[in-house]
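In: sequence and predicted structure, then a few things I'm wondering about:
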Amino acid sequence: MSIVTVQLGQCGNQIGHEVFNAICSDVRGTHGLCSKKENESYHDVCKERFFSEEESEVPVARAVLVDMEPKVISQTLSIATRSGYWKYDDRSHFCQKQGSGNNWANGYSVHGPRHKEVIMNLVQKEAEKCDRLSGFFTIMSMAGGTGSGLGAFVTQCLRDAFPASFILNHVIWPYSTGEVIVQNYNSVLTLSHLYQSSDALLVHENDVIHKICAQLMNIKQISFTDVNQVIAHQLGSIFQPTYTAESGLHYSRNPLGDLMETLVPHPEFKMLGLRNIPQMPENSLAYSIFSWPGLIKHLRQMLIANAKMEEGIDWQVRPPRLGSSIPSSHSTNKLPHFNTSIANLVILRGKDTHSVDLGSFRDPSLYTSWLSPQDAFKAWKTPRAFNKYEKSATLVSNSQFLLKPLDNVVGKAWNMFASKAYIHQYTKFGIEEEDFLDSFTALEQVISSYTIL
Amino acid sequence: SCLSLPLAVGQCGNQVGCRFWDLALREHAAVNKKGIYDEALSSFFRNVDTRSGGDGPDIYKGKIYSLKARALLIDMEEGVVNEILQGPLRDVFDSKQLITDVSGSGNNWAVGHKLYGYQYRENIVEKLRKTAEHCDCLQCFFIIHSMGGGTGSGLGTFVLNLLEDEFPEVYRFVTSVYPSGEDDVITSPYNSVLAMKELNEHADCVLPIENESLFDIVNKIHQMINFGKLGSTVKQNSLVTSSAGSAKTVQEKPFDAMNNIVANLLLNLTSSARFEGSLNMDLNEISMNLVPFPRLHYLVSSLTPLYTLADVNVPSRRLDQMFSDAFSRDHQLIQADPKHSLYLACALLVRGNVQVSDLRRNIERLKPSLHFVSWNQEGWKTGLCSVPPVGHSHSLLALANNTCVKPTFIELKDKFMKLYKKKAHLHHYLHIDGMEQSCFSEAISSLSDLIEEYNELDATKGGPRIDPSRLQIAV
């Protein structure tokens, strides 16, 4: 089954491009460390999932590129083609000239309705190229105006037009010390709207990725390209082919469906966080040996302690002991920094994955009581190594990972809203104070729900 | 891409405008080596086929034939505009973009605004429409003018009103040169305050400039060149004041150095819209992020570095110095000290080899010494454009919405009141058709209100002491 990617705004297009790059480069690589047959199978599934075979020499990405100004798309298209290994469909993009001015209302209320038909036609064309459509993967930042506002509108349209398909929104959270001054308003409006039409929100925070670049990748002068490449690696580690418990001897066909089924048991809880280890500069890869027990131990502690990367993990944090009275949210028994999970997914790629013991992730004390541990935890594996890492482990988690960041964004937005600063910029395009209040209410609800897990 | 249309009004406006077009050509020539008419060029210039003489059709792609500026030049005296048309830039403009008269406005806002405004309204609208026709997409008008005279101030603000009426969707940015301390135009306070009311009510963003600041910068550079460290040579074309290496002009004229600074301001402001970068910043984003309340739209600007040394490889320390300088008093283009006043918002537009980590590092470093309003503690808007200005490896334009503009306005008010109390020279204004005493009282009232708003912000630091309590959700 295939995934159609919708790249929205500058961020969405820059990242989307790196994602296809990473996937293509991984597939072309000779570091698969597995049998030729395995490799071919991996290659075929990946191709079907992300690329269509047209008359062209190179694979064509299943993607629609949307932006309200032309420079980024123009660059993205040409850089992809110049790589010689893959390209975008020349017709599968839409842009305008004036941008959205970092204004969510402009993206959502003006550009959205104005260009709905053209954009949805492009999406329809891509969808029709697929033998079977698994669903949509949208990439956007929530800080600006196009990815955020137009992105929210397009997601709604996707939901209306494709009720049976899955929609996974990849949302980039901006640096907390401004990229855009009104980013917290744009974020609140985006998240509350996406929550209504999306199946799940997969989140990357710029601050976190920046730290990874600085401390793990040892990059001195970090550029957005560096940040985007780390993000692309992490996304690739989810979406490249894997075997699930149910898929048996074949690579699983429906990654989006599997993801949703596993991680989103309840529509109130859609926030997914992502951790990937190990991460290191490419030139260190050859000198590094990891053991699976070590990696799993670290990954589990990252989950429990809500660590953003594999350095600086707080090993003191422990899950509450099962059998002791279940702490309510007001109880002082509740260990303050423990990250409660609803559901988790671990993806293992590379050498000896068949023998990895994941029992520690099935520990019921990690989870709420709603699902049985068998249902709350899933593992996907493949012996085929990913992106030159001999061993790679990814955790996709529906837990309290994003509770604090969400609370921070809402808090800052609320603080600004109390002073009514910048509101006139939104009402100018049809988003009123009431709309803001609705969004705040929706997100306070989400925060509350995640808090009392 | 979406275009910005500069409108130069009055003597000062056109002198700055002239420098602007010259340096724009220089900037594009430095980047555009193949002589192909590209998106970046098209934002300021049309490409006209003049092979068969006269005005051929516009050419949207391919080779560059003849570049014509997208602009309107308006002056009620012929001197400056004629000079432009007889000078090296004559091919860049055609008569359809000019509106001139002979007698000038006599340093009288009312003559510029009421008399000439009324007289030339149709003409201006028609020429605007023609010029706008050539633009696929018009994002922003730039008015360049001075406040103290009659044409730039009066007719300039008339045009501002007109733009709002005729093109309500298009942003209106105004670069206003405020009269200096030793201004020899006695009525400049009247003209400036009358113009301020229009700027308050009809501009989206105003970039105030003071001649004193431009003068100080020119002197600073002069000192550096003549008495600076032995052995360090400055790249001539890197000077923010320089016309060196410019496309057309051969001889530098007296105010050129100062006007070049303003021209560079506009080039930097529009750079991210013209050239690619990892974090684009359009003009509509500037308006969105820097104007939290409609009337508080005055932005203090600073440009760094003022020059580049020829012998230098840029270590990151020098890069950080650039950021520090952007907040120093002597790099601001008005007499103001943002560091000791209150920020409502701040934008940093970086050009050249600068990455997001450099931005982050410097924001973290400088934040503690700056005061931001309570509701915008992290009020930073940032942009990264890959193409540096000519002669530099990197540069920074900072735009601050900061209460440090207040003293400029207070001084203006004081000067106005000095004259107004004595009713000095009022009759020159009141005898113009459409002018009444109420124009003056409304104007000073508008300025007073604005000053009050800044006072209020300074007093309360922008907000309640306590964080407003969040919405409570019933569990």
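Out: Cool, the structure landed.
In: now the stretch 151-300 of chain B, which segments are flagged as low pLDDT?
Out: Using pLDDT under 70 as the threshold, the predicted model of the stretch 151-300 of chain B has low-confidence ranges B:228-232, B:246-254.
In: what residues does it put near chain A?
Out: Taking C-beta under 8 Å from any C-beta of the partner chain as the test, the list of the stretch 151-300 of chain B residues beside chain A reads B:276, B:278-280, B:282, B:284-285, B:287-294. (Each C-beta comes from the backbone N, C-alpha and C, glycine too.)
In: let's see that with 7 Å instead.
Out: Applying C-beta under 7 Å from any C-beta of the partner chain, we find that the stretch 151-300 of chain B lies next to chain A at B:Glu276, B:Ser278, B:Leu279, B:Asn280, B:Asp282, B:Asn284, B:Glu285, B:Met288, B:Asn289, B:Pro292, B:Phe293, B:Pro294.
In: narrow these to those in helices?
Out: B:Asn284, B:Glu285, B:Met288, B:Asn289 (DSSP state H).
In: residue contacts, the last one?
Out: Just to be clear, that refers to B:Asn289. In this structure, B:Asn289 makes contact with A:Asn102, A:Val180, A:Ile181, A:Val182, B:Ala345, B:Ala347, B:Lys381, judged by C-beta atoms under 7 Å, 6 or more residues apart in numbering or on different chains.
In: now tabulate those residues in JSON lines and tack on pLDDT and neighbour count.
Out: Output for the contacts of B:Asn289, formatted as JSON lines (pLDDT from 0 to 100; neighbours: other C-beta atoms under 10 Å in any protein chain shown):
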{"residue": "A:Asn102", "pLDDT": "96", "neighbour count": "30"}
{"residue": "A:Val180", "pLDDT": "96", "neighbour count": "27"}
{"residue": "A:Ile181", "pLDDT": "97", "neighbour count": "28"}
{"residue": "A:Val182", "pLDDT": "97", "neighbour count": "31"}
{"residue": "B:Ala345", "pLDDT": "97", "neighbour count": "26"}
{"residue": "B:Ala347", "pLDDT": "97", "neighbour count": "24"}
{"residue": "B:Lys381", "pLDDT": "96", "neighbour count": "23"}
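In: which one (most neighbours) among the residues of the stretch 151-300 of chain B next to chain A?
Out: Note: the member of these with the most neighbours is B:Asn289, at 29 neighbours, neighbours being other C-beta atoms under 10 Å in any protein chain shown.
In: what's the spacing between it and A:Asn102?
Out: Here the distance between B:Asn289 and A:Asn102 works out to 6 Å (C-beta to C-beta, to the nearest Å).
In: off-centre distance for the host helix or strand of B:Ile124?
Out: When elements are defined using DSSP states H and E, B:Ile124 is found to belong to helix B:117-133. Relative to the chain's own centre, helix B:117-133 is displaced by 22 Å; criterion: C-alpha atoms, centre = their mean, to the nearest Å.
In: distance between stretch A:193-203 and the chain's centre?
Out: Its chain's C-alpha centre lies 11 Å from the corresponding centre of stretch A:193-203 when counted by C-alpha atoms, centre = their mean.
In: list the buried residues for the lowest-mean-pLDDT helix or strand in chain A?
Out: Every helix and strand of chain A was ranked by mean pLDDT, DSSP states H and E. The lowest is helix A:373-376, at a mean of 88. When burial is assessed from 16 or more other C-beta atoms under 10 Å in any protein chain shown, helix A:373-376 yields the following buried residues: A:Ala376.
In: which residues touch whichever helix or strand comes after it?
Out: Heading C-terminal from helix A:373-376, the first helix or strand you meet, by DSSP H and E, is strand A:377-382. Residues external to strand A:377-382 that are found in contact with it (C-beta under 7 Å, 6+ apart): A:241-244, A:262, A:344-349, A:353-354, A:358, A:361-362.
In: could you do stretch B:18-36 as well?
Out: B:6, B:38, B:40-41, B:44, B:62-64, B:69, B:84, B:89, B:92, B:243, B:245-249, B:256, B:259-260, B:263-264, B:266-267, B:387, B:389-390.
In: that older thread, narrow the contacts of B:Asn289 to those in strands?
Out: Among these, the ones falling in strands (DSSP state E) are B:Ala345, B:Ala347, B:Lys381.
In: can you narrow those residues to ones near chain A?
Out: B:Ala345, B:Lys381.
In: identify, from the ones in strands among the contacts of B:Asn289, the entry nearest to A:Lys404.
Out: When the ones in strands among the contacts of B:Asn289 are compared for distance to A:Lys404, the smallest value, 24.7 Å, is given by B:Lys381; criterion: C-beta to C-beta.
In: so what's that closest one bridging to?
Out: Each beta-bridge partner of B:Lys381 is listed here: B:Ala347, as defined by DSSP bridges.
In: surely A:Val64 is within a strand?
Out: Yes: residue assignment for A:Val64, taken from DSSP: H, G, I helix; E, B strand; the rest coil, places it within a strand.
In: surely it meets A:Ser92?
Out: Yes: applying C-beta atoms under 7 Å as the test, A:Val64 and A:Ser92 come out as touching, 5.3 Å apart.
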